[in-house]
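**Student:** Here is my input, please return the structure:
(2 chains)
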Amino acid sequence: MVQMDLLFKLAGLGVVVAVLCQVLTRAGREELSTLVTVVGLVIALFLVVDLVADLFSSLQSIFALY
Amino acid sequence: MALWQWMGLAVTAAVLCLLVRQQQPQLGGLCAAAAGIMLLLAALEQLSDVREVFARLTAMADLEEGYLSTLIKVLGVSYVAELAAQTCQDLGEGGLALKVGLVGKLCVFTLTAPMLLSLLEMILELTP
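**Tutor:** Residues are numbered from 1 along each chain as shown, chains lettered A, B, ... in the order given. Sure thing, here's the model as predicted:
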């Protein structure tokens, strides 16, 4: 079926990154919080990239778009 | 019917994106794009039996095989172009979405150009 867990992983990642940024800004380390945001975004991109990859492979196989 | 699962997925994805977009605007857009891609991926399995329908249709109407494959290619190209354009729109890039649509139309035109030529030749043969 459709991978629902990927959606929840993304949402959880977003919440974790948000909490971490809040904690880091409160602790006075603004540069670390931006770093955590970037790392969160990169992890989310990794998750989405393989989803896009198998979408394009199934598209190619169905529509013979080689 | 798998339709209910997809609708449920869309609604939960919308709620999750709302939650994420509040704290992290970039991740919210990404989550929306991921949900859209998942929906289209789910809808793609339904499409695989459309090919047999097209094949039988061309067999019945004994059309040339080339026309069918071009038709399916055009269908695929427009599907991908529309998907990419709307994903760019999700992530807030309106201009990019329009450009992707333009590129899609260009690809469709290059695919159908030979068909246009054969049509014109047929018409010229008819005229005395």
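**Student:** Name the residues of chain A found near chain B, please.
**Tutor:** A:1-4, A:6-8, A:10-11, A:13-15, A:17-18, A:21, A:37, A:40-41, A:44-45, A:47-48, A:51-52, A:54-56, A:58-59, A:62-65 (Cβ under 8 Å from any Cβ of the partner chain). The C-beta positions use only the backbone N, C-alpha and C, and glycine is treated the same way.
**Student:** Using neighbour counts, give me the buried entries of those residues.
**Tutor:** A:2-3, A:6-7, A:10-11, A:13-15, A:17-18, A:21, A:37, A:40-41, A:44, A:47-48, A:52, A:55, A:59, A:62-63, A:65 (16 or more other Cβ atoms under 10 Å in any protein chain shown).
**Student:** taking those one by one, which sit in helices?
**Tutor:** A:6-7, A:10-11, A:13-15, A:17-18, A:21, A:37, A:40-41, A:44, A:47-48, A:52, A:55, A:59, A:62-63 (DSSP state H).
**Student:** By proximity to chain A, which residue of chain B wins?
**Tutor:** Chain B approaches chain A most closely through B:Gly76 (2.6 Å), counting by Cβ to the nearest Cβ.
**Student:** Surely that residue is in contact with A:Tyr66?
**Tutor:** No: using Cβ atoms under 8 Å, B:Gly76 makes no contact with A:Tyr66, being 10.5 Å away.
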